[in-house]
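Peer 1: Predicted model and sequence follow; I will ask about them next.
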Amino acid sequence: MRLTNGESFTDFRGVISSEAALREEERCRKRNLSHVRGHAVTDYEFVSHAEIDNREWLTRSLADLNALTFGHYRGVIVPSPSFMDWYTRRPGMEPALCQGVLAGDSLVSSLFVTLAPMRLNTEVLVCGIVDTVMTHPDHRRRGLARGLLDRAVGGMKKGGADLSLLYTAVADPPAVPQRLYESLGYSTYGLVDRFVKAPPHLSAAGPAATVSPDAELRCHVEARLGTRSGWLVLDEALWGWRRVDRLADYPVALERARDGTLAAVCCGRLLAGGQQQLYAVVSDLAAASGQVREEALCSFLSTIPTKATATVLCPRSDISLAHALEAVAFRAAGTEAAMLLPLSDAAKKQVARRSSLWYVAVESVIGV
Ligand SMILES: CC(C)(COP(=O)(O)OP(=O)(O)OC[C@H]1O[C@@H](n2cnc3c(N)ncnc32)[C@H](O)[C@@H]1OP(=O)(O)O)[C@@H](O)C(=O)NCCC(=O)NCCS
């Protein structure tokens, strides 16, 4: 800022101090003094990820917080900074909509929001996908996750989202996250079972053939899976991020079985009870005939490392896939709920209709 003719130094000081006052006001607006029974008052600052200038610090902090909060879950990604760097480049992930809470100079709570066109029955609607909701154990039960979700929902509405989607583990009675989401208006739209198969993977079927992730294949996959609810429109950017511009630790191969069934096979280390284990996540199973057959599953299993545990996320609505998985010795190991929050009338109408088949975007549940 420069002094112009006629402005005294006092005026200039005045401008500076009013700017400082505005900045302070803005900081106070974002602050939330949280008082918890028996605990000291803590000064929290709610910020969007876009407001954090140092991307390297943010990536590292997100990886650390993710490791701390999800480390005990089975079958989740090993959240290294390189994973976070790749994941936060997910097309549609909006730093201005992603939310965090700072306590001093630490990130203590966070969530991601990705805006993506998603099919719901007959409509393609703008969906705000929320994931990786996490609060540092020392800062829980102070309303941080609720505050972040409130801000995220407000941001999604402003950003033109028709609805919001998130996945959470199902338990009986429902666990804290599910109750939290329900209290904000999310409701379970469909269930997704996690099927796993431990090695060895002996198979009479020949291995599937690796195919190149070109634009033609993208159209094939879209033609086979794109009519399902939950389908994320597979444009070039999403295809590139998922299939081409991959993270080295979690490479993905596109495989075609003899009967033409396609699948994406991603190998890497996932966390299992605090330990790292070799996993192969088989996703986007797309059968030419409509139904995935056992033989095709066996040929995908033949392509994975011998010591890897195989994982498939199977929508409860996909009964034929569940049967085929059970027939080749996969067993169900936990269930996730796909929860929706309609934000527009168009979404309310579609959410009220039950859809027959659900598509699960594996990155929203496992991260790969
Ligand atoms: C789930 C999680 C993000 C909640 O974070 P948080 O900042 O403690 O949540 P909040 O303080 O905003 O609490 C939200 C609600 O959950 C309830 N709640 C939170 N922790 C609870 C607990 N341990 N027991 C019972 N209820 C609890 C509170 O009643 C609160 O509702 P209220 O606002 O009506 O009081 C946190 O526990 C966490 O990081 N868990 C591990 C990671 C995870 O599972 N994430 C969700 C993945 S889908």
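Peer 2: Sure thing, it's come through. Residues are numbered from 1 along each chain as shown.
Peer 1: Break this protein down into its structural domains.
Peer 2: 33-189, 193-336 (automatic domain parsing).
Peer 1: Format these as JSON lines; extra columns: mean neighbour count.
Peer 2: The way it works is simple: take the backbone N, C-alpha and C, and place the C-beta from them, glycine included. Formatted as JSON lines, those follow (neighbours: other C-beta atoms under 10 Å):
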{"stretch": "domain 33-189", "mean neighbour count": "18"}
{"stretch": "domain 193-336", "mean neighbour count": "18"}
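Peer 1: among those domains, which is nearest the ligand?
Peer 2: Comparing those against the ligand with C-beta to the nearest ligand atom, the closest turns out to be domain 33-189 (3.3 Å).
Peer 1: how about the residues of this structure near the ligand?
Peer 2: Of all the residues in the chain, those in contact range of the ligand (C-beta under 6 Å from any ligand atom) are 69-70, 109, 133-135, 140-146, 168, 176-177, 180.
Peer 1: now with 5 Å?
Peer 2: Neighbours of the ligand within the chain, by C-beta under 5 Å from any ligand atom: 69, 133-135, 140-141, 143-146, 168, 176-177, 180.
Peer 1: TSV for those residues, including secondary structure and pLDDT?
Peer 2: Formatted as TSV, the residues of the chain next to the ligand follow (DSSP: H, G, I helix; E, B strand; the rest coil; pLDDT from 0 to 100):
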residue	secondary structure	pLDDT
69	helix	95
133	strand	98
134	strand	98
135	strand	98
140	coil	97
141	coil	96
143	coil	97
144	helix	98
145	helix	98
146	helix	98
168	strand	97
176	helix	96
177	helix	97
180	helix	98
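Peer 1: And those, which is closest to residue 47?
Peer 2: In terms of C-beta to C-beta, no member of the residues of the chain next to the ligand lies closer to residue 47 than residue 144, at 12.2 Å.
Peer 1: isn't the closest one right up against residue 108?
Peer 2: Yes: shown here, residue 144 and residue 108 form a contact pair, counting by C-beta atoms under 8 Å, at 6.9 Å.
Peer 1: Now list whatever residues contact both of the two.
Peer 2: Residues touching both residue 144 and residue 108 by C-beta atoms under 8 Å, 6 or more residues apart in numbering: 44, 101, 135.
Peer 1: hey, where'd the helices end up in the protein?
Peer 2: 9-30, 55-70, 81-87, 144-158, 176-183, 215-225, 236-239, 294-301, 319-327, 345-352, 362-365 (DSSP state H).
Peer 1: Nearest to residue 272, out of the ones you listed?
Peer 2: Residue 272 sits nearest to helix 55-70 of all those, at 12.0 Å, using C-beta to C-beta.
Peer 1: Which elements pack onto the closest one?
Peer 2: helix 81-87, strand 106-120, strand 123-135 (3 or more C-beta pairs under 8 Å, 6 or more residues apart in numbering; DSSP states H and E).
Peer 1: ok, 6 Å please
Peer 2: helix 81-87 (3 or more C-beta pairs under 6 Å, 6 or more residues apart in numbering; DSSP states H and E).
Peer 1: Just the CA trace of the helix it packs on, in CSV.
Peer 2: Only the C-alpha atoms of helix 81-87 are listed here, as CSV (Å, rounded to 0.1, in the frame of the first residue of the first chain):
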residue,chain,number,x,y,z
PRO,A,81,2.5,-38.0,2.4
SER,A,82,2.9,-39.3,-1.2
PHE,A,83,-0.5,-41.0,-0.9
MET,A,84,-2.1,-37.8,0.4
ASP,A,85,-0.4,-35.8,-2.4
TRP,A,86,-2.0,-38.1,-5.0
TYR,A,87,-5.3,-38.4,-3.3
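Peer 1: Show residues contacting that helix.
Peer 2: With contacts defined as C-beta atoms under 6 Å, 6 or more residues apart in numbering, helix 81-87 is touched by 59-60, 62-63, 77, 247.
Peer 1: cool, stretch 251-267 as well?
Peer 2: Counting by C-beta under 6 Å, 6+ apart, 208-211, 213, 246, 250, 280-288, 292, 296, 299-300, 303, 368 sit against stretch 251-267.
Peer 1: remind me which residues of the stretch 1-150 of the chain are low pLDDT?
Peer 2: The stretch 1-150 of the chain contains residues with pLDDT under 70 at 1-42.
Peer 1: So what sits opposite residue 275 in the bridge?
Peer 2: Beta bridges link residue 275 to residue 272 when assigned by DSSP bridges.
Peer 1: any idea how far the residue nearest the centre of the chain is from residue 255?
Peer 2: For the chain, residue 364 is the residue whose C-alpha lies nearest the centre (C-alpha atoms, centre = their mean; 2.9 Å). Remark: distance between residue 364 and residue 255 (C-beta to C-beta, to the nearest Å) = 22 Å.
Peer 1: Setting aside sequence neighbours, what's the nearest residue to residue 111?
Peer 2: residue 133 (4.5 Å; C-beta to C-beta, 6 or more residues apart in numbering).
Peer 1: and what of residue 110?
Peer 2: Nearest residue to residue 110 in three dimensions, chain neighbours excluded: residue 100, at 4.4 Å (C-beta to C-beta, 6+ apart).
Peer 1: wait, isn't the one you found in contact with residue 108?
Peer 2: No: using C-beta atoms under 6 Å, residue 100 is not in contact with residue 108, being 8.4 Å away.
Peer 1: Is the residue nearest to the centre of the chain in contact with residue 132, as I believe?
Peer 2: No: with contacts defined as C-beta under 6 Å, residue 364 does not count as touching residue 132, sitting 9.6 Å away.
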